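**Student:** I need the structure of the sequence given here:
(one chain, ligands or ions: 1)
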Amino acid sequence: SPKSERWALATVPEPTPESGLDNCRRCSLWRNATQAVPGEGPMGARLMLVGEQPGDQEDLAGRAFVGPAGQLLDRAMVDAGITRADCYVTNAVKHFKFTPRGKRRIHQKPDVSEVEHCRWWLTEEVAAVRPRLIVALGATAGRALLRRDVAVQRERGAILRLGGGGSLLLTVHPSYLLRLPDPAAKVLEYDKFVADLRTATTYAM
Ligand code: URA
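**Tutor:** The predicted model follows:
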């Protein structure tokens, strides 16, 4: 079941209050979030996809990329010929950061310190999964993995080398596509996103 493949359960043999992801206190985001959202997918997956942080729906469900951005990602992966269940999907930051506005919870970008603190988990995931290629979805994931500022539009679509010997492909975050107001631009950008995912799977398989 997907649940048994969830990384936090699969690779922390005896979770202790200190070691379990849901008990993480490395930064303060745990205070307002419902739960930590672990990565999901098989160990040994050839492709690993990294987003920014769980959104509203992910925070409630406890699963990465199940909300609107996740649905767009699902569609793009299908169009790129990628089976999501074969991939390991996670986020740079594992708790949802938001500000309440009435009944809604408005997504807030994690700051550098939160990304740095949460990198501990991401590094563990990369070491456990050992993917052939990591796809960084957006600037936050790119920065978390490359440990430097990234220019998504300039650096996207190429195979970049990671310090530890791995490879990374940077592309846009699916939420960027959702936010584009112009329908024509949306279609164009969606096609570019699918093309990046195709480059990734060609490299990884
Ligand atoms: N956006 C992300 O970056 N990750 C998710 O899991 C959902 C939305």
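**Student:** name the residues of the chain found near the ligand, please.
**Tutor:** 51-55, 58, 64-65, 67, 69-70, 91, 175 (CB under 6 Å from any ligand atom). Any C-beta I mention is one placed from the backbone N, CA and C, and that applies to glycine too.
**Student:** gap between Ala33 and the ligand?
**Tutor:** 12 Å (CB to the nearest ligand atom, to the nearest Å).
**Student:** who does the residue of the chain found nearest the ligand form a beta bridge with?
**Tutor:** Here the chain gets closest to the ligand at one residue, Gly51, 2.7 Å apart by CB to the nearest ligand atom. Beta-bridge pairing for Gly51 (DSSP bridges): Asn91.
**Student:** circling back to that earlier point, can you redo the residues of the chain next to the ligand as a markdown table with secondary structure, neighbour count and pLDDT?
**Tutor:** Converted to a markdown table, those look like this (DSSP: H, G, I helix; E, B strand; the rest coil; neighbours: other CB atoms under 10 Å; pLDDT from 0 to 100):
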| residue | secondary structure | neighbour count | pLDDT |
| --- | --- | --- | --- |
| Gly51 | strand | 28 | 98 |
| Glu52 | coil | 24 | 98 |
| Gln53 | coil | 27 | 98 |
| Pro54 | coil | 31 | 98 |
| Gly55 | coil | 24 | 97 |
| Glu58 | helix | 24 | 98 |
| Ala64 | coil | 26 | 98 |
| Phe65 | coil | 26 | 98 |
| Gly67 | coil | 20 | 98 |
| Ala69 | helix | 23 | 98 |
| Gly70 | helix | 22 | 98 |
| Asn91 | strand | 30 | 98 |
| Ser175 | helix | 19 | 97 |
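**Student:** quick one: contacts for the residue of the chain closest to the ligand?
**Tutor:** By CB atoms under 8 Å, 6 or more residues apart in numbering, the contact set of Gly51 is Ala64, Phe65, Ala69, Val89, Thr90, Asn91, Ala92, Leu137, Gly138, Ala141, His173.
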